[in-house]
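In: Next input, structure requested:
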Amino acid sequence: MPLEVLPGIAQKFSKYLRKLGIETVRDLLWHFPSRYEDFSQLRRVADLQPGEQSTIQGTIEEVNLRRTWRRNYTIVEAVIVDETGNIRAIWFNQPYIAHTLRVGRMANFAGKVSVSHEGELYLSSPAYELVSGREDREGGMPETRHTARLVPIYPETRGLTSKGLRFLIQPILKNIERASEWIPAEILKESDLPEINRALETIHFPKDIEDALIARKRFAFEDLFLLQLWNLREKLKLKEEKAHAIQTDMERLKGVIQKLPFTLTFSQKKSLWEILKDIGKATPMNRLLQGDVGSGKTVVAALAAIVAAERGFQTAFMAPTEILARQHFETLKNILLRIGISCETGFLTSTGAKIFYADGLEADIPKKEFREHLMRGEIKIAIGTHALIAESNEEQSLAFQNLALVIVDEQHRFGVAQRAALLGQKFKPHFLSMSATPIPRTLMLTVFGDLDISTITELPAGRKNIVTKIVPREERSNTYEFIRAEVRGGRQTFVICPRIEPDAINEPEVKIREFNKLELKSVKEEYEKLSKKIFPDLRVAMLHGQLKPKDKEKTMKDFTDGKTDVLVSTSVVEVGVDIRNATIMMIEGSERFGLAQLYQFRGRVGRGEHQSFCFLMSETKGAAAKERLKAIVEAKNGFELAEKDLKIRGPGQFLGESQSGLPDMAMRALADIELVKSSREAAQRTLAQSPNLKKYPLLGKKLSEFEKQIHLE
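Out: So this is what the prediction gives:
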């Protein structure tokens, strides 16, 4: 139901509601409070105490409006009287209040009791609400919205406060048609959850905080429940699809592995075996390969692609950035040359295409020619960005002859539409996604619940531990001298610039644009400082997201080739960059990054035989920030760190709320392991009762709506 059907809404509030993403009446009712103010204690004036949050009820004896001579502020003062005394209420820059409050009327006033310089108690900017006579106090008093209760405080926007939202929501709750309950009754009973209409009324206007928490639990549960159902249904659907069965010649594979310049770890071999077993079936694999930074996931994926190629099938190997895609291309070339396998491998990004031929030669080719090679099935392994599946409007989409395996690095960075473009074929390709971000089990079971999971838990043999140190301001000059000495010894250094949070900018429509400008300014300022003042004797370069693709490529190539000593960068190097000669990672403003992200940065060094170092530059003296950074120094592995990060920052920050596709409440609920577990068990029981949900038609309809809304990445 659109908001315009409500009288007065369209003219007064619709503009502001849309800023909050509210387009319909349902959106408004599901705009839940972020917290509550407890104004439930109705006190007498004589009993008020400084600093407490209270509601008083009294008669308005006096109202005055005046302006201050210094800053041209308006101040509204009202005197409220009850049978025990009187008290002033004061509002700043809200002149309309003087016309709203009428002398002689009775009203509730709720807010903080403050003390003036003269020692007089007063109410500072209290919420107010006109009420009828005192005789209604017992039993018949009208229901309040803003005072004398637990008052909901909502996410707001300029022009629309929580008071305005309460004004809109309360009458809608009273007059709207009752919502249909779609969660099966037995699930509600087993999980001890309220019915939907009761929960909706309670979450907005609870009697006490316990009521509010129960209502919140219901709405958090329902989103998780739907997500778990969706995951389990996807698994069931996948079993009904057909895929190419890619058989592995194990003796041949053993020979290939023996030719590698390193020995696979036990967990690499185990993960490879799990993948090969899956792709050997005639139903599509849907597997997540996750491992610590530098644990060798790419080699495992590459071996699976080579197995497919030797059986005549094609593999699409995608990465979220051109830098990472290029690195995978180089890795594949090196492996193929080392093991002596003839396999035509293609590389495609938005800027161009290459082919690595069976005889070891490499050539740039036009995209049209690349497409023709692909359609004829000559390119067995195609590596690139999302350009592999979504070319520009001017050119037709790419077509594979017999695509059997899709490998996606950092799969949560690809949208469902992109993934569907690869899956919409008669024979569904096997799907292998890789993540270098260790995912806590709570998130794994929920957000990636439709995937089977392989985990690489060891680092390659001979890899040295990275020395990690928190560097306060007073030790900065010593760190610069250490970097200079390392560079003179032939090593290279990364410098990561502090993260600029887009949430620091208020207006949503300019947030991302301003964020990009601020981050660009940050990296440019650091580059100027290091290249001209700190290291004028060293070769310093700069890398950021606003550079043209060719400039990015050249900057990275120069660094890879050892032509640059110090690379100043934004978080573009977070994933996948592998510079074996880089031994120092210096992170400015380290307290602004999440633990998992800092761990990713640190993993960019220590890839070669030299001892490596990570310096966490910190200007803060806060105990909480120091504790977080200390966790990086002490964590034994990325998975331990990810669990800490989840507890400290919550799932929204860990996954990135805008990318996860999950409602805010479900996102926060991911930290509640018991709720995640109970929602999964409820979903399993429900599908056991009715796999197609025909027994639960309302639930089936709700799940269909949910599938359209989420955009898991």
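In: So what touches whichever helix or strand His99 is part of?
Out: His99 belongs to helix 97-100 when assigned by DSSP states H and E. Outside helix 97-100, the residues that touch it by CB atoms under 8 Å, 6 or more residues apart in numbering are 63-65, 76, 78, 91, 128. Every residue, glycine included, has its C-beta placed from N, CA and C.
In: lowest average confidence, helix or strand, in the protein?
Out: helix 657-660 (a mean of 41; mean pLDDT, DSSP states H and E).
In: Out of the contacts of helix 97-100, which comes closest to Ser14?
Out: When the contacts of helix 97-100 are compared for distance to Ser14 (CB to CB), Tyr128 wins out at 25.7 Å.
In: Show me what that closest one bridges to in the sheet.
Out: Phe109 (DSSP bridges).
In: so who does it touch?
Out: Taking CB under 8 Å, 6+ apart, one finds 89, 97, 100-101, 107-110, 146-147 in contact with Tyr128.
In: Most neighbours among the residues you listed, please name it.
Out: Within the contacts of Tyr128, neighbour counts (other CB atoms under 10 Å) peak at Ala110, which reaches 26 neighbours.
In: just checking, Val113 is part of a strand?
Out: Yes. Counting by DSSP: H, G, I helix; E, B strand; the rest coil, one finds Val113 located in a strand.
In: these two touch, right, it and Thr55?
Out: No. Under the criterion of CB atoms under 8 Å, Val113 is not in contact with Thr55, lying 10.8 Å apart.
In: neighbour count winner among the two?
Out: Between Val113 and Thr55, counted using other CB under 10 Å, Thr55 has the larger neighbour count: 25 against 19.
In: so that one is in which element?
Out: If you go by DSSP H and E, Thr55 is part of strand 53-67.
In: Give me the nearest residue to the residue of the chain positioned farthest from its centre, chain neighbours excluded.
Out: Relative to the centre of the chain, and counting by CA atoms, centre = their mean, the farthest-placed residue is Glu83 at 54.4 Å. Distances taken as CB to CB, 6 or more residues apart in numbering place Arg44 nearest to Glu83, at 7.4 Å, with adjacent residues excluded.
In: Check Val633 too.
Out: Thr468 (4.9 Å).
In: can you tell me the average pLDDT over the strand holding Thr55?
Out: Average pLDDT, strand 53-67: 89.
In: After it, heading C-terminal, what element do we hit next?
Out: Assigned by DSSP H and E, the successor of strand 53-67 is strand 74-82.
In: quick one: that following strand to strand 53-67, angle?
Out: Per axes from the mean of the first three to the mean of the last three CA atoms, to 10 degrees, the angle that strand 74-82 makes with strand 53-67 is 130 degrees.
In: which residues touch strand 74-82?
Out: Identification of contacts with strand 74-82 by CB under 8 Å, 6+ apart yields 44-45, 56-68, 86-95, 97-98, 101, 107, 109, 123.
In: right, and the helix or strand after that strand?
Out: Counting by DSSP H and E, the element after strand 74-82 in chain order, helix or strand, is strand 85-92.
In: That following strand: partners in the sheet, and parallel or antiparallel?
Out: Counting by DSSP bridges, strand 85-92 is paired with strand 74-82 (antiparallel), strand 121-130 (parallel).
In: Just the C-alphas of it, formatted as CSV.
Out: C-alpha atoms of strand 85-92 as CSV (Å, rounded to 0.1, in the frame of the first residue of the first chain):
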residue,chain,number,x,y,z
GLY,A,85,5.4,22.6,42.8
ASN,A,86,6.6,24.0,39.5
ILE,A,87,9.5,23.5,37.1
ARG,A,88,10.8,25.2,33.9
ALA,A,89,11.1,23.4,30.6
ILE,A,90,13.5,24.9,28.0
TRP,A,91,13.8,24.4,24.3
PHE,A,92,16.4,25.9,21.9
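In: how far out from the middle of the chain is that strand?
Out: 45 Å (CA atoms, centre = their mean, to the nearest Å).
In: Also stretch 693-711?
Out: 24 Å.
In: which of the residues in it are buried?
Out: Across stretch 693-711, burial judged by 16 or more other CB atoms under 10 Å covers 693, 696, 699, 702-703, 706, 710.
In: Need these in JSON lines (columns: pLDDT, secondary structure and distance to Leu336).
Out: Below are these laid out as JSON lines (pLDDT from 0 to 100; DSSP: H, G, I helix; E, B strand; the rest coil; distance: CB to CB, whole Å):
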{"residue": "Leu693", "pLDDT": "91", "secondary structure": "coil", "distance to Leu336": "48"}
{"residue": "Tyr696", "pLDDT": "93", "secondary structure": "coil", "distance to Leu336": "52"}
{"residue": "Leu699", "pLDDT": "94", "secondary structure": "helix", "distance to Leu336": "50"}
{"residue": "Lys702", "pLDDT": "91", "secondary structure": "helix", "distance to Leu336": "49"}
{"residue": "Leu703", "pLDDT": "90", "secondary structure": "helix", "distance to Leu336": "45"}
{"residue": "Phe706", "pLDDT": "83", "secondary structure": "helix", "distance to Leu336": "44"}
{"residue": "Ile710", "pLDDT": "63", "secondary structure": "coil", "distance to Leu336": "39"}
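In: Please parse this structure into its domains.
Out: If you go by automatic domain parsing, the domain ranges for the chain are 35-188, 250-456, 467-636.
In: Which of those sits closest to Asp223?
Out: Minimum separation from Asp223 across those (CB to CB) falls at domain 250-456, 10.1 Å.
In: Where does pLDDT dip in the stretch 401-550 of the chain?
Out: For the stretch 401-550 of the chain, residues meeting the criterion pLDDT under 70 lie at 410-425, 437-450, 462, 499-521.
In: what does the stretch 201-350 of the chain give?
Out: The stretch 201-350 of the chain contains no residues with pLDDT under 70.
In: Would you confirm that the residue farthest from the centre of the chain contacts Gln57?
Out: No. Counting by CB under 8 Å, Glu83 sits too far from Gln57 to count as a contact (10.4 Å).
In: before we move on, back to that, going by mean pLDDT, which of the strands paired with strand 85-92 comes out lowest?
Out: strand 121-130 (a mean of 88).
In: for it, which positions count as buried?
Out: Neighbour count says strand 121-130 has 122-123, 125-129 buried, by 16+ other CB under 10 Å.
In: check contacts around Cys343.
Out: Contacts for Cys343 were tallied using CB under 8 Å, 6+ apart; they are 306, 309-310, 336, 358, 380-381.
In: With distance to Val633, neighbour count and secondary structure as added columns, please give these in TSV.
Out: Shown next, in TSV, are the contacts of Cys343 (distance: CB to CB, whole Å; neighbours: other CB atoms under 10 Å; DSSP: H, G, I helix; E, B strand; the rest coil):
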residue	distance to Val633	neighbour count	secondary structure
Ile306	39	23	helix
Ala309	43	23	helix
Glu310	45	18	helix
Leu336	39	21	helix
Ala358	48	14	coil
Lys380	44	24	coil
Ile381	40	26	strand
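In: okay if I get those as JSON lines plus distance to Gly159?
Out: Converted to JSON lines, the contacts of Cys343 look like this (distance: CB to CB, whole Å):
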{"residue": "Ile306", "distance to Gly159": "60"}
{"residue": "Ala309", "distance to Gly159": "60"}
{"residue": "Glu310", "distance to Gly159": "64"}
{"residue": "Leu336", "distance to Gly159": "61"}
{"residue": "Ala358", "distance to Gly159": "65"}
{"residue": "Lys380", "distance to Gly159": "58"}
{"residue": "Ile381", "distance to Gly159": "55"}
